[in-house]
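*Asks:* what's the 3D shape of this:
(one chain, ligands or ions: 2)
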Amino acid sequence: MLNKELWVQVLTRIEPTIMRAHFVTWFQNTIATEIKDEVGARVLVIAVPTEFAKDWIVRKYGIKVLQAVQEVDSSITNIEFVVDSKLADKSDVSGVDVSKITSEPEKKARKVRGKNEIDLGNGVRSKMLNSRYTLDTFVVGKENRLPHAAAQAVANMPGGIYNPMYIYGGVGLGKTHILQSIGNAILKDDESKVVRYVTAERFVSEVVDAIKNREMPKFKSHYRDVDVLLIDDIQFFAKKDSSQQEFFHTFNELYDANKQIVLTSDRPPSELDDLDKRLTSRFCMGMVTELLPPEFETRIAILQNKCMEANVIVDPEVLEFIAANVTTNVRELEGVLRQVILEAELENRVPTIQSAADVFKKLYRAKEIIGYDIERLKMDRSKITSKEVMEAVALYYRVPLTDLLGEARKKEILLPRQVCMYIIRHELDESFEKIGEDFGGKMHTTVINACNKVLKALKKDSRIVRDINAIKKEIGL
Ligand code: ADP
Ligand code: MG
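*Replies:* Ligands and ions are numbered 1, 2, ... in the order given. Below is the predicted model:
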């Protein structure tokens, strides 16, 4: 690295730590001139324009400079300042022009980023938007293609023709997800944008507080000095007259300034009976779009996505079972899946239709389970014998039955044997001892080990999942 380059890096590190005016005064036209290798030391020589500057820097910033130097080049052990009066000459350009060294834009960005945070009390701040909610993680099906595309359009051109954007739909269908995605996408494009997300409920309580504490001007600027206002669940404004008024003014001001407003609600604007008509008619000026419950295919895709996120493999039949039974709410869909995975993990087994049905029964006592007749499933299972499983496994992996039941520990035989033990144990509920006996008198601990191995593999190897499913299908399990 050239000495000049090194010095610029050092200055860049020092700049944010001292006042800008001091930085410019003392470090203007300074330069690192050479690195001297002495016995047991490596010295960076820094030239400054005046004696006065040298004194000042050494006394006030000596340690800071040394630390910064060592951060950039850890081989340097000492620094030495020399005066070079040539540097004081305005026409001389060998020193570094520190007016070009600035972390100002970064500071500004940091400040703006702060604006997109909320205060959780006790000085703890949190990002206002959940970074999990993006347009990419929103699974698009036939029924929600339009709201998704509209959200994308708004994110591409905030304050454009889809202003305001009004999204409505039932509980747990992704309104908050889409709403926050728009904010995340806009900020990803341009970090300096001020995006404010608020639920109508919070807005109302902030209005009440602001009136009580006589802080209305502060409140007003908080919501009006923004580029994008995302406001969730506006049905909550019903009958809250003073907040509604306040929101009405905020809305008009932002709208007139071409700032993007996105609103969500559980019903269309025409059904917001307890809201001022002047307000609801304005909601219809841009884009009104409905989120519908996801169809079966979309529900499956959502579940598959969740499994991928959680890094677990769940039998497609189990996913189908969940998707068939949870039909109207994505949050519940995710909840059931999470519970099914969790219980399986706690009990150290993989999720099955039976276990999903148990979870479902626990969560929704009154609901009828559709898609699978669990009792019949149980009866059919009891007719299947260990021998049938062994034959199916031998056939599937193309290994002789005698090898499967024998002692050989070659990989091509070991894996099928373990899979076979696992299926018998988990699907036919046979005891470890009995399985050991059926496999030519093996110890029950061998069987336990085999089952555990398969269980582990099932969590990360989709091939084994496929194998086991295929074998189960073959024997009608
Ligand atoms: P709402 O605000 O409409 O009540 P949310 O936006 O809170 O619903 O969504 C509930 C959960 O479902 C969230 O975890 C969200 O990420 C998820 N979700 C909803 N729809 C989808 C979808 N199409 N793709 C992926 N996740 C979804
Ligand atoms: Mg919501």
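
*Asks:* give me the residue from the stretch 151-300 of the chain nearest ligand 1.
*Replies:* Proximity of the stretch 151-300 of the chain to ligand 1 (C-beta to the nearest ligand atom) peaks at G174, 2.8 Å away. All C-beta spots, glycine's among them, are computed from the backbone N, C-alpha and C.

*Asks:* now that residue: phi and psi?
*Replies:* The phi/psi pair for G174 (degrees, to the nearest 10) reads phi 100, psi 20.

*Asks:* could you check how far it is from ligand 2?
*Replies:* Remark: distance between G174 and ligand 2 (C-beta to the ion, to the nearest Å) = 8 Å.

*Asks:* and the pLDDT at that residue?
*Replies:* According to the prediction, G174 has pLDDT 96.

*Asks:* what's the nearest residue to whichever residue of the stretch 101-250 of the chain sits closest to ligand 2 if we skip its chain neighbours?
*Replies:* Among the residues of the stretch 101-250 of the chain, T176 lies closest to ligand 2, at 3.3 Å counting by C-beta to the ion. Among residues not flanking T176 along the chain, D232 sits closest, at 5.7 Å (C-beta to C-beta, 6 or more residues apart in numbering).

*Asks:* which other residues reach stretch 8-23?
*Replies:* 27, 30, 32, 61, 64-65, 68-69, 71-72, 96, 98, 101-104, 107 (C-beta atoms under 8 Å, 6 or more residues apart in numbering).

*Asks:* generate a PyMOL selection restricted to the buried subset of the residues you listed.
*Replies:* Selection of the buried residues among the contacts of stretch 8-23 in PyMOL, burial being defined by 16 or more other C-beta atoms under 10 Å:
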select buried, resi 27+30+32+61+65+68+69+72+96+98+101
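
*Asks:* contacting residues for the residue of the stretch 151-300 of the chain closest to ligand 1?
*Replies:* F138, N144, L291, V330.

*Asks:* how far does stretch 318-330 sit from its chain's centre?
*Replies:* Chain-centre distance of stretch 318-330: 23 Å, with C-alpha atoms, centre = their mean, to the nearest Å.

*Asks:* cool, and stretch 470-477?
*Replies:* Stretch 470-477 has its C-alpha centroid displaced from the chain centroid by 38 Å (C-alpha atoms, centre = their mean).

*Asks:* re earlier: looking at the contacts of G174, which are in strands?
*Replies:* Judged by DSSP state E, the contacts of G174 include L291 as members of strands.

*Asks:* dump the contacts of G174 into TSV; add distance to A357 as well.
*Replies:* TSV is the format used below for the contacts of G174 (distance: C-beta to C-beta, whole Å):
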residue	distance to A357
F138	29
N144	28
L291	29
V330	20
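
*Asks:* dihedrals phi and psi, the residue in the stretch 1-150 of the chain that ligand 1 sits nearest to?
*Replies:* Sorted by distance to ligand 1 under C-beta to the nearest ligand atom, the residues of the stretch 1-150 of the chain start with V139, at 3.5 Å. For V139, the backbone dihedrals (degrees, to the nearest 10) come out as phi -80, psi 130.

*Asks:* now R42
*Replies:* Main-chain torsions, R42, degrees, to the nearest 10: phi -130, psi 120.

*Asks:* contacting residues for the residue of the stretch 101-250 of the chain closest to ligand 2?
*Replies:* By C-beta under 8 Å, 6+ apart, the neighbours of T176 are Y133, D232, T264.

*Asks:* neighbour-wise, which one of the residues you listed leads?
*Replies:* Of all the contacts of T176, the highest neighbour tally under other C-beta atoms under 10 Å goes to T264, namely 24 neighbours.

*Asks:* which elements pack onto the helix or strand where that residue lies?
*Replies:* In this assignment (DSSP states H and E), T264 forms part of strand 260-265. Strand 260-265 makes packing contacts with strand 165-169, helix 175-189, strand 228-232, helix 241-256 when contacts are defined by 3 or more C-beta pairs under 8 Å, 6 or more residues apart in numbering; DSSP states H and E.

*Asks:* could you check whether it is close to ligand 2?
*Replies:* No. Strand 260-265 does not reach ligand 2 (C-beta under 5 Å from the ion); its nearest approach is 6.7 Å.

*Asks:* how far off centre is that strand?
*Replies:* 22 Å.

*Asks:* is it anywhere near ligand 1?
*Replies:* No. Applying C-beta under 6 Å from any ligand atom, one finds strand 260-265 separated from ligand 1 by no less than 6.7 Å.

*Asks:* local confidence estimate at E104?
*Replies:* pLDDT, E104: 54.
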